[in-house]
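need coordinates for the below:
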Amino acid sequence: MKIKKNSCLLAAIIFIGFCLRLYHLGDLSLWLDELHTVVTTSGSIYSTIYSFQHAPFPALYFILINLWAKIFGISEFSLRFPSLLFSTLSIFVAYKLGKEFFDRRVGMIAAFLLAVSPYSVNYAQEARPYALTWLLGLSSFYILLVKTRWPDF
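This is a model prediction of the structure:
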């Protein structure tokens, strides 16, 4: 029964985080950096990859947006929605990290704090790679430190 209660609480936290990120997602016009995302991803997948050949940052986000825009089109809402998804998934990964390192309670607190964090909500509403970077950073930290089970010294 306690596991079901924890699952419901986690689902509620993730839902709250999703709703906060969704609120007014497409209301503001695209700003300069987001327009860079549009220009970079508006061509073919090959031109997107080629444009990042000498770029100082990774191209994964822009490749994903290129594919996403081909399916869902280019609008403020559509371009920002993948960041919302990445940020919402980060809430779950934060829970898993907190639970593995401490306990379920700490995992819930970590998930809640990330769900309502103004910085996380703000970056989840931008068509930029910040939310994906956060998700991949948390995930790699989880895989490295939890799944490899480093011995205590």
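
my guess is Val106 meets Gly98, correct?
Yes - between Val106 and Gly98 there is a contact under CB atoms under 8 Å: 4.3 Å. The way it works is simple: take the backbone N, C-alpha and C, and place the C-beta from them, glycine included.

what about those two, which has more around it?
Comparing Val106 with Gly98 by neighbour count (other CB atoms under 10 Å), the higher total belongs to Gly98, at 21 against 15.

which of the helices or strands spans the more buried one?
For Gly98, the enclosing helix or strand under DSSP states H and E is helix 76-101.

check Leu10 too.
For Leu10, the host element (DSSP H and E) is helix 2-22.

name the helices or strands packed onto that helix?
Helices and strands touching helix 2-22, by 3 or more CB pairs under 8 Å, 6 or more residues apart in numbering; DSSP states H and E, are helix 76-101, helix 104-116, helix 118-124.

tell me how far the closest residue to Ile16 other than its chain neighbours lies from Asp33.
Of all residues not flanking Ile16 in the chain, Ala115 sits nearest, at 5.5 Å (CB to CB, 6 or more residues apart in numbering). Note on Ala115: its distance to Asp33, by CB to CB, to the nearest Å, is 25 Å.

looking at these two, which has the bigger crowd around it?
Neighbour count, other CB under 10 Å: between Ala115 and Asp33, Ala115 has more, with 26 against 10.

grab the most central residue of the protein for me.
Phe86 (2.2 Å; CA atoms, centre = their mean).

please report how far Trp134 lies from Leu22.
On the measure of CB to CB, Trp134 and Leu22 end up 17 Å apart.
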